[in-house]
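>>> here is my input, please return the structure:
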Amino acid sequence: MTSQWIPDDHNLWEIENYFDFLEARKELLAKEANHRFAELLHGETNFLDASPAAIATPSVIADTVTIIPVPTGGIATEEEELEVEAINNWLETQGLPRGQINFELSDEITGEQRAVLDLAWPDGLQPGLTIPVAVLLNEPNEVLSIASAAGYRCFPTKDTFCAYVNAEILGIDAEAA
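Residues are numbered from 1 along each chain as shown. The predicted model follows:
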């Protein structure tokens with residue numbers, strides 16, 4: 001019954017255990033869905049472990065509002081700044097547009113800042129043809145999760161980003177590069 005994600009525990013099949021059955025099935029379905037989603041990430045799954053606290057949501061308890069802090073991200077060191085500039089310079093030599101440095105990713109509805117992306121192309125490297133991408137150097141998993149949830153394909157290193165550009169934008173075989 002694994003193809004239908006039915007729990008193996010026969011006790012859960014009893015009518016009085018219906019809600020426990022649903023909970024167990026929900027866990028099986030979630031595990032399978034996460035497995036399928038991970039396949040779509042092309043091996044870049046390091047941000048899947050981000051905690052739910054990564055998303056800023058107001059929490060109302062006893063008539064008080066508590067805002068959960070959002071990791072902002074952004075360039076933190078001179079080394080990161082030099083690496084971002086090197087990526088932009090390399091892209092320019094490839095005939096591609098420079099990315100936006102310290103791009104502020106905002107909530108489309110509220111306008112509130114969600115994160116600062118080190119280097120981003122909100123319209124894609126080929127506007128209208130490719131999805132938004134971001135280079136996020138040394139950022140916590142929460143920032144990667146926020147950017148990914150906003151539709152960005154995220155790259156945690158210069159090397160993974162350059163490999164993506166070579167293979168999927170420029171059409172250069174990794175062995176030929």
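
>>> residue nearest the middle of the protein, spatially speaking?
Residue closest to the average C-alpha location in the chain (C-alpha atoms, centre = their mean): residue 148, at 2.5 Å.

>>> distance of it relative to residue 17?
37 Å (C-beta to C-beta, to the nearest Å). (Glycine included, C-beta is placed from N, CA and C.)

>>> same question, residue 109
Taking C-beta to C-beta, one finds residue 109 at 40 Å from residue 17.

>>> show me where the protein has helices.
18-40, 78-93, 141-149, 158-164 (DSSP state H).

>>> counting contacts, what elements does the shortest one pack onto?
Under the contact criterion of 3 or more C-beta pairs under 8 Å, 6 or more residues apart in numbering; DSSP states H and E, helix 158-164 touches helix 78-93, strand 133-135, strand 153-155.

>>> chain neighbours aside, what residue packs nearest to residue 164?
residue 155 (6.3 Å; C-beta to C-beta, 6 or more residues apart in numbering).

>>> give me the beta-bridge partners of that neighbour?
For residue 155, the beta-bridge partners under DSSP bridges are residue 135.

>>> isn't it right up against residue 161?
Yes: counting by C-beta atoms under 8 Å, residue 161 is a contact partner of residue 155 at 3.8 Å.

>>> on that earlier part again, looking at residue 109 and residue 17, which one has more neighbours?
residue 17 (16 against 6; other C-beta atoms under 10 Å).

>>> and residue 116, how far is that from residue 81?
13 Å.

>>> so between those two, which is more surrounded?
Neighbour count, other C-beta under 10 Å: between residue 116 and residue 81, residue 116 has more, with 19 against 15.

>>> report how many residues lie close to the closest residue in space to the more buried one that isn't next to it in sequence.
Counting by C-beta to C-beta, 6+ apart, residue 116 lies nearest to residue 74, which is 3.6 Å off, once chain neighbours are set aside. Applying other C-beta under 10 Å, we find 18 residues neighbouring residue 74.

>>> my read: residue 74 touches residue 113, true?
No: here residue 74 does not reach residue 113: they are 10.5 Å apart, not a contact under C-beta under 8 Å.
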